[in-house]
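*Asks:* got a sequence here, can you build the structure:
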Amino acid sequence: MKKLLFISLVSLFGCNRNAQTAHPPVGGVLSKKDLDVSRERMKNLNSAERGQIQDWINGQSVKYYPTQLNYWVTVDGFDQREKRADNTLISYSYDLYDFDETKIYDQPIEKRDARFGHFDELKVVENALRFIKDGEEITLLVPSSLAYGTFGDEKKIDNDIPLIIKLKAL
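*Replies:* The predicted model follows:
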């Protein structure tokens, strides 16, 4: 019995020495240092993606304009338009593409009579819908931090993937 206890304790201490820093699950609590590391990583990633998106834009025949929320759109002065109010309804659809212009999902994502302020949607889509005119179609170029971020959509979109979103107000 003493031999078994001794072997168990030695194994336990041996495992503990090789343990890596534990990371809390999504929604868990992070230390200030962990938050600073994460913030710096996102800042560097966003800067790199913005450069890559700008290079992609330079090779396009369509003109794209930056917005205040850090994405690009095919309409000049887009986020200077009159903004839709909370609790108003909008119907819309959009398709997602990667920057190789490969469509990610076969069917568009479509919502009917969605109410502003109660969206279960990407924030960049909600923001763009605030300024889009009825029947208008626009294209958004979105860094990963405004798309599905470091987790992806857990289906077809991997982590840290910038997207092209073709959005239409129905």
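
*Asks:* any chance you could map the strands in this protein?
*Replies:* For the chain, the strands defined by DSSP state E cover 65-66, 72-73, 89-97, 109-115, 137-142, 163-169.

*Asks:* got TSV for the ones you listed, with distance to Leu35 and mean pLDDT too?
*Replies:* (C-beta placed from N, C-alpha, C; glycine too.) Below are the strands of the chain laid out as TSV (distance: least, C-beta to C-beta, whole Å; pLDDT from 0 to 100):
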stretch	distance to Leu35	mean pLDDT
strand 65-66	27	96
strand 72-73	28	98
strand 89-97	29	96
strand 109-115	31	93
strand 137-142	24	98
strand 163-169	25	97
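
*Asks:* mean neighbour count, those strands: which tops it?
*Replies:* Highest mean neighbour count among those (mean count of other C-beta atoms under 10 Å): strand 72-73, with a mean of 22.

*Asks:* for Glu101, list the residues it contacts.
*Replies:* Neighbour list for Glu101: Ile164 [criterion: C-beta atoms under 8 Å, 6 or more residues apart in numbering].

*Asks:* and for Pro162, the neighbour number?
*Replies:* Neighbour count for Pro162, taken as other C-beta atoms under 10 Å: 23.

*Asks:* quick one: low-confidence ranges for this structure?
*Replies:* Residues of the chain meeting the criterion pLDDT under 70: 1-29.

*Asks:* what residue lies at the spatial centre of it?
*Replies:* Computing the C-alpha centroid of the chain and ranking residues by C-alpha atoms, centre = their mean puts Ala147 first, at 2.0 Å.
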